[in-house]
Every structure is written in structure tokens, then in C-alpha cells.
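Chemist: make a model of this:
(one chain, ligands or ions: 1)
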Amino acid sequence: MKRIEVVAAIICRNNKYFACQRGYGEFKDFWEFPGGKIEPGESREEALKREIREELDLSICLDSFLTTVEYDYPNFHLTMHCFLCSIDSQDPIIKEHENARWLLKEQLHSVQWLPADIKVVETLRGSV
Ligand SMILES: Nc1nc2c([nH]c(=O)n2[C@@H]2O[C@H](COP(=O)(O)OP(=O)(O)OP(=O)(O)O)[C@@H](O)[C@H]2O)c(=O)[nH]1
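Modeler: Prediction:
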């Protein structure tokens, strides 16, 4: 099966986490953490900083590693490395998603996450 390796940023500010809604594709309207595929030659940190710059016009600080999720989608196997990240006073500018929200930990269940993210949300709720 095809494998893809992705990095995702769990951006936290004022006890809220930044969730983004996909605007296209098979999982249009589902929610995810911003991020994307690691390109050849990139470190995880470089890939995540690049993706967040592209998607949200934002510079992030990777504070700590949260978890790596392995998930079998019908067409590929996903390995997703998730990092807790912070930002300064800049606000994200949504460039590629159709919507985004800051969610308190207890609000994380109020949106429909991509299937692979359900475990990440559980880890986040239990860990922070
Ligand atoms: N960024 C991100 N991707 C996730 C999450 N959960 C999850 O299953 N994925 C999957 O991991 C892949 C991420 O790659 P991407 O963001 O570059 O995806 P994409 O479909 O826009 O790729 P494309 O631009 O090459 O078409 C997608 O298949 C996406 O469905 C998540 O929380 N964040």
C-alpha cells in the first residue's frame, strides 16, 4: 500500500487549539490540524514550518512532540507526526482551508475530525 508521511501542528494559544476545515477532496468539510507531507530532504520541523507558512502565513515555534499516529485509509497508509506548537500575537490567515476555529479542549469534540485525527484528539484531551 502507498505510504505517506505527514507532519501536523497543534497550535495552542490561550488554552485553545487551532482546527482547520478541509475545503476540497474526499474529506471535504472534515476538520484537521494544519500541516502536510514531508518533502524529500526536509526534516519534520522544516516541513511543518513550511506548511504552516504556506497554509496560514504564520511562523510557529515547535514546543514539543505529542504523538505519531499510524492510520490505514483505503488508498494509503498514513504516518502523522503531531507537534504542540505556539505562535506569537500574529493571527493565522486562512489561505487553503474553508474555515478554521479556536477550540477549547472540551470543545474538540464539536467538529468532525478526519478519521486519523480522532486518536490525536483523544491523546490531546488526556495529555495537556
Ligand atoms: N495536514 C493534515 N493532514 C491530515 C490530517 N489527518 C489526516 O488524515 N491527514 C491526511 O494526511 C494527508 C495530508 O497531506 P496534505 O495536507 O499535503 O494533503 P492534500 O490532500 O491537501 O495533498 P495534496 O495537496 O498533495 O493534494 C491527507 O491525505 C490528509 O487527509 C491532519 O490532521 N492534518
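
Chemist: when you work out contacts or count neighbours from here on, use the C-alpha atoms and nothing else.
Modeler: Noted.

Chemist: what comes up buried for the helix or strand of the chain with the lowest mean pLDDT?
Modeler: None of the helices or strands of the chain scores lower by mean pLDDT, DSSP states H and E than helix 117-127, at a mean of 93. Buried residues in helix 117-127, counted by 16 or more other CA atoms under 10 Å: 117, 118, 119, 120, 121, 124.

Chemist: for the residue nearest the centre of the chain, list the residues it contacts.
Modeler: Of all residues in the chain, the one closest to the mean position by CA atoms, centre = their mean is residue 33, 2.1 Å from it. Applying CA atoms under 8 Å, 6 or more residues apart in numbering to residue 33 gives the contacts 8, 9, 10, 18, 19, 20.

Chemist: please report how far it lies from residue 88.
Modeler: To residue 88, residue 33 is 18 Å away according to CA to CA, to the nearest Å.

Chemist: ok, residue 108 next?
Modeler: Going from residue 108 to residue 88 by CA to CA gives 22 Å.

Chemist: quick one, which of those two is more surrounded?
Modeler: residue 108 (20 against 10; other CA atoms under 10 Å).

Chemist: surely the more buried one meets residue 122?
Modeler: No. Distance between residue 108 and residue 122: 9.2 Å, which falls outside the contact criterion (CA atoms under 8 Å).
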